[in-house]
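Chemist: Coordinates only, no sequence provided:
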C-alpha cells in the first residue's frame, strides 16, 4: 500500500497530510513543489475517504528510504514498464454475501501482489501517466 493516514489538525490539506505521512512512514521528505496533483477521492472498505496525491520523487536510486518499522513491514517498487506489461496485469472478482459482485485490478510481481485500493490508485495513476497504453 502507499503511505497514508488520517489528517492531523496541523495538516493544511490532503497534500500536507500525504507529505507528512510519507515522511513519517518512509523517512522521505517530499517538497510541496514535487507534487503533481491529487487524484479523485475514493472510499476505502471502511467508508473513509482517501485522497491520493501524486508526486515526483526523482530517481529511486537517489532516494534513501528509512521505513518506520512500526508502520511498514516491507518496501518494494515496481517499474512503470513492469506495470504496463499485460502479463503483470489482472483482475480479481469479488462477491458479497448479498450476491453483489465487483471486479478490481491486480498487479503481479513475484511474491508480491498489488491489489485492493492500492491497485485502484495505481490504475488511476497509469491512466494519467500513459493514456492509451494502459
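Modeler: Looks like it came in fine. It should be emphasised that the depicted structure is a prediction, and the values quoted were computed from it without experimental measurement.

Chemist: Let me know the average pLDDT across the longest strand along the chain.
Modeler: Using DSSP state E to define each element, the chain has its longest strand at strand 101-109. Per-region confidence: strand 101-109 scores 92 on mean pLDDT.

Chemist: buried stuff in whichever helix or strand comes after that strand?
Modeler: Using DSSP states H and E, the helix or strand that follows strand 101-109 in sequence is strand 112-114. Judged by neighbour count (16 or more other C-beta atoms under 10 Å), strand 112-114 contains these buried residues: residue 114. Heads up, the C-betas are built off the backbone N, CA and C, glycines and all.

Chemist: Could you name the helices and strands sitting against the helix or strand hosting residue 18?
Modeler: Using DSSP H and E, residue 18 maps to helix 14-26. Helix 14-26 makes packing contacts with strand 35-38, strand 53-55 when contacts are defined by 3 or more C-beta pairs under 8 Å, 6 or more residues apart in numbering; DSSP states H and E.

Chemist: Show me how far it is from its chain's centre.
Modeler: Chain-centre distance of helix 14-26: 12 Å, with C-alpha atoms, centre = their mean, to the nearest Å.

Chemist: So which bits of it are buried?
Modeler: Buried residues in helix 14-26, counting neighbours by 16+ other C-beta under 10 Å, are found at 14-22, 25-26.

Chemist: For the residues you listed, which two are the farthest from each other?
Modeler: Farthest apart among the buried residues of helix 14-26 by C-beta to C-beta are 14 and 26. That separation is 17.6 Å.

Chemist: Quick one: the helices and strands packed on helix 14-26 as TSV, columns for mean pLDDT too.
Modeler: Formatted as TSV, the helices and strands packed on helix 14-26 follow (pLDDT from 0 to 100):
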stretch	mean pLDDT
strand 35-38	96
strand 53-55	96
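
Chemist: can you tell which of the ones you listed is closest to residue 110?
Modeler: Residue 110 lies closest to strand 53-55 among the helices and strands packed on helix 14-26, at 25.1 Å (C-beta to C-beta).
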